[in-house]
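Participant: I need the structure of the sequence given here:
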Amino acid sequence: QVQLAESGGGLVQAGGSLRLSCAASGRTFSRYQMGWFRQAPGKEREFVGKISTSGSNSDYADFVKGRFTISRDNAKNTVYLQMNSLKPEDTAVYYCGAAWVVNNGPDGINYWGKGTLVTVSS
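Facilitator: Residues are numbered from 1 along each chain as shown. Next up is the predicted model:
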């Protein structure tokens with residue numbers, strides 16, 4: 001079992017930055033790939049990015065490439081999402097998810113956090 005808890009969301013102006021954290025419980029965190037997803041009001045949950053178990057590889061959705069960076073610290077059981085150059089369309093609830101293999105979509109995620117709200121004002 002892995003329990004996930006996101007933090008770091010809030011209100012930011014367009015062009016600003018935020019760093020989200022996802023803290024995991026349990027001793028098996030380092031065995032899971034981790035993903036970040038988001039869900040805007042009235043829309044489906046969508047893939048933002050993912051990171052390998054070691055942190056050496058990551059992949060991103062096209063709409064965040066060059067702006068968002070995922071990292072992880074296995075010693076701290078934490079994965080991060082650094083978000084720069086934020087746009088109003090980035091407004092959403094952001095979720096972290098854990099899976100043996102994270103696909104470029106929410107299917108197959110074994111564990112979800114409860115999410116943290118990011119609001120980007122224009």
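Participant: going forward, measure contacts and count neighbours with C-alpha atoms only.
Facilitator: Will do.
Participant: Can you pull out the low-pLDDT segments for the chain?
Facilitator: Applying pLDDT under 70 to the chain flags no residue at all.
Participant: Report the central residue of it.
Facilitator: Centroid-nearest residue in the chain: Trp36, 2.5 Å away (criterion: CA atoms, centre = their mean).
Participant: which stretches of the protein form strands?
Facilitator: According to DSSP state E, the chain carries its strands in the segments 4-7, 10-13, 18-24, 33-39, 46-51, 58-60, 68-73, 78-83, 92-99, 111-112, 116-121.
Participant: residues in contact with the first one?
Facilitator: The contact list for strand 4-7, computed with CA atoms under 8 Å, 6 or more residues apart in numbering, reads 20-25, 95-97, 111-116.
Participant: quick check, nearest of those residues to Arg45?
Facilitator: Using CA to CA, the shortest approach to Arg45 within those belongs to Tyr95, at 9.0 Å.
Participant: Can you tell me the closest non-neighbouring residue to that closest one?
Facilitator: Spatial nearest neighbour of Tyr95, chain neighbours left out: Gly115 (4.4 Å); criterion: CA to CA, 6 or more residues apart in numbering.
Participant: how far away is the nearest residue to the residue nearest to the centre of the chain once chain neighbours are set aside from Asp59?
Facilitator: Excluding its sequence neighbours, the residue lying closest to Trp36 (CA to CA, 6+ apart) is Cys96, at 4.5 Å. From Cys96 across to Asp59, the span is 14 Å (CA to CA, to the nearest Å).
Participant: Counting neighbours, go ahead and name the busier of those two.
Facilitator: Higher neighbour count among Cys96 and Asp59: Cys96, with 31 against 15, using other CA atoms under 10 Å.
Participant: re earlier: tell me the contacts of the residue nearest to Trp36?
Facilitator: 4, 6, 22, 34-37, 112-113, 115.
Participant: With distance to Lys76 added, can I get those in TSV?
Facilitator: Listed next are the contacts of Cys96 as TSV, based on distance: CA to CA, whole Å:
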residue	distance to Lys76
Leu4	13
Glu6	14
Cys22	10
Met34	14
Gly35	17
Trp36	18
Phe37	21
Trp112	18
Gly113	17
Gly115	19
